[in-house]
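1. give me a 3D structure for the following:
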Amino acid sequence: MGAVRHSQRTRMRVIEEFRRTGRVDLACAANGVDRTMHYDPLGVNDVLLQIGKDLDNKALPEPGQFLPSLDRVAADQHFIDIARDRARKLAALIRSTP
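-> Alright, predicted model coming up:
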């Protein structure tokens, strides 16, 4: 239960940082992966593209928060192959970045 609370606090802190810096679109991305996975499986690839762009631009203060969602997308046959492949690559990039 403590890990869940920590995760929620981290997510809320990141969202507040995005709002403070005017990057509300990134705040939406932080929650958007899970929401898109549930309600719009074909749109997951678009969200992953945006995460990749923001990661390349170093615009994600805590990219590790996306790892659980990326791992779920990568492992779930329900999503299109290009999204699963992109999720695997993003997760590997995040894990390899210090």
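2. for the residue nearest to the spatial centre of the chain, what are its contacts?
-> In the chain, the centroid-proximal residue (C-alpha atoms, centre = their mean) is residue 66; its distance is 3.6 Å. By C-beta atoms under 8 Å, 6 or more residues apart in numbering, the contact list for residue 66 reads 30, 33, 51, 60, 90-91, 94. (Glycine included, C-beta is placed from N, CA and C.)
3. per-residue confidence at it?
-> Listed pLDDT for residue 66 reads 91.
4. what are the phi and psi values at residue 60?
-> The phi and psi torsions at residue 60 (degrees, to the nearest 10) take the values phi -110, psi 110.
5. now swap in residue 77 and tell me
-> phi -70, psi -10.
6. how near is it to residue 45?
-> Relative to residue 45, residue 77 is positioned 15 Å away (C-beta to C-beta, to the nearest Å).
7. comparing those two, which residue is more hemmed in?
-> Taking other C-beta atoms under 10 Å, residue 77 and residue 45 do not tie; residue 45 has more neighbours (20 against 7).
8. so the more buried one sits against residue 83, correct?
-> Yes. The pair residue 45 / residue 83 is scored as a contact, 4.0 Å apart, by C-beta atoms under 8 Å.
9. re earlier: among the contacts of residue 66, which lie within helices?
-> Residues from these lying in helices, with DSSP state H as the criterion: 30, 33, 51, 90-91, 94.
10. spit out the contact partners of the spatially closest residue to residue 63 that is not a sequence neighbour.
-> Once flanking residues are discounted, residue 63 sits nearest to residue 94: 4.7 Å by C-beta to C-beta, 6 or more residues apart in numbering. Contact partners of residue 94, counting by C-beta under 8 Å, 6+ apart, are 55, 63-64, 66-67, 70.
11. so where's this protein shaky on pLDDT?
-> Counting by pLDDT under 70, the chain has low-confidence residues at 1-8, 11, 14-31.
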